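>>> here is a sequence together with a model predicted from it:
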Amino acid sequence: MKIKEIHSSDLTASCMKFVQLRLQGKLRPAATTALFRGLVVGEALRYLHERVLHNGSEEPALYTLLVNEAVATVRKTLTDEGRTPTDAVETNMNEIVSDIGMFMENYYRRFKERFAASQFLGCEVPVRWKFAPRMPEFASHIDLLIRDRNGMLVFIDWKLREQAPTHAYLSRNLQFASYYGCCLEGKFLLSDGLSSEWKRFGEESIGVWLHVNHLAPFGRKTKCEDDRGMEREFVKGDDRPTRMSWREVEYHSNSIEMIRGQLMERVRLLKRDIFPSNPDPVGCTLCEAESFCPRFDTVL
């Protein structure tokens, strides 16, 4: 198989058979509920960052207006691609809009001060990384790119999944590790609204897995650790600890050789029509070989 460029989804999909079929052009045209929700969340949060969080604008009076605008954008995108939402999407549209509106409201309330102190670099930022002369270029889009209040480059991925990842999974996530490599050696297409240009940062960065589902409050009485590491009892309606939704992964430049090596190994396998499995959000903690598996982070 000839591969001109490799995408992050080709490296980290939970089902590599899906990647094989996608490369063969065999995706079905229907857009499932999970896909549709994920696309709408991305668009809605992009609007929130571009219009509110970084320019001193007031909190939206109705989050559903932004969500409905995002729904319209996603519908148009899917139509342009020859895809249509499934009947389940249409049947549950009111619930989808309501849930995402709740996520956005909690996102604003929980993180507005953090983002107000940061420098906004862009949403859905295209990124490219040529990590070896004979290897295809790595290509992806980063959901959100900022500089935090300390000047550190931070890439954030909005994840809409039921299961939260374990630390063992995050430390081996090749998508995040690849984004870190891009910050060191790749290039990003940044826009100031008037023009766009490819920029190289060449610096350390931090990755954040932002688990959107955990922006919802607890649905029942629960005992768990709070953000200070103290076990306490939460009741229905309480905010979940921030650490459950904002999951940081830190790396060290010494990891870059291992990251390149893992990328090149995956590309060689894909070229031979071999589609390997990927780390599992829960199973990695239980695996007997966990301590021997390559990991990219340096923080326990």
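Thanks, I have the structure now.
>>> output the lowest mean pLDDT helix or strand found in the chain.
Of all helical and strand segments in the chain, the minimum by mean pLDDT, DSSP states H and E falls on helix 283-286, at a mean of 62.
>>> which residues of the stretch 201-300 of the chain fall in strands?
Secondary structure of the stretch 201-300 of the chain (DSSP state E, counting those that start in this stretch): strands at 205-211, 222-225, 231-234, 246-250.
>>> do the same with the stretch 1-150 of the chain
For the stretch 1-150 of the chain, the strands defined by DSSP E, counting those that start in this stretch cover 5-7, 30-31, 84-85, 119-129, 137-147.
>>> in JSON lines, list those strands along with distance to residue 268, mean neighbour count and mean pLDDT.
C-beta coordinates here come from the backbone N, C-alpha and C atoms, glycine included. Supplementary listing: these in JSON lines, determined by distance: least, Cβ to Cβ, whole Å; neighbours: other Cβ atoms under 10 Å; pLDDT from 0 to 100:
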{"stretch": "strand 5-7", "distance to residue 268": "11", "mean neighbour count": "18", "mean pLDDT": "83"}
{"stretch": "strand 30-31", "distance to residue 268": "32", "mean neighbour count": "17", "mean pLDDT": "86"}
{"stretch": "strand 84-85", "distance to residue 268": "37", "mean neighbour count": "18", "mean pLDDT": "93"}
{"stretch": "strand 119-129", "distance to residue 268": "17", "mean neighbour count": "18", "mean pLDDT": "96"}
{"stretch": "strand 137-147", "distance to residue 268": "14", "mean neighbour count": "20", "mean pLDDT": "95"}
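>>> a markdown table for the strands of the stretch 201-300 of the chain, including mean pLDDT and distance to residue 46?
Below are the strands of the stretch 201-300 of the chain laid out as a markdown table (pLDDT from 0 to 100; distance: least, Cβ to Cβ, whole Å):
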| stretch | mean pLDDT | distance to residue 46 |
| --- | --- | --- |
| strand 205-211 | 96 | 13 |
| strand 222-225 | 93 | 31 |
| strand 231-234 | 95 | 31 |
| strand 246-250 | 93 | 18 |
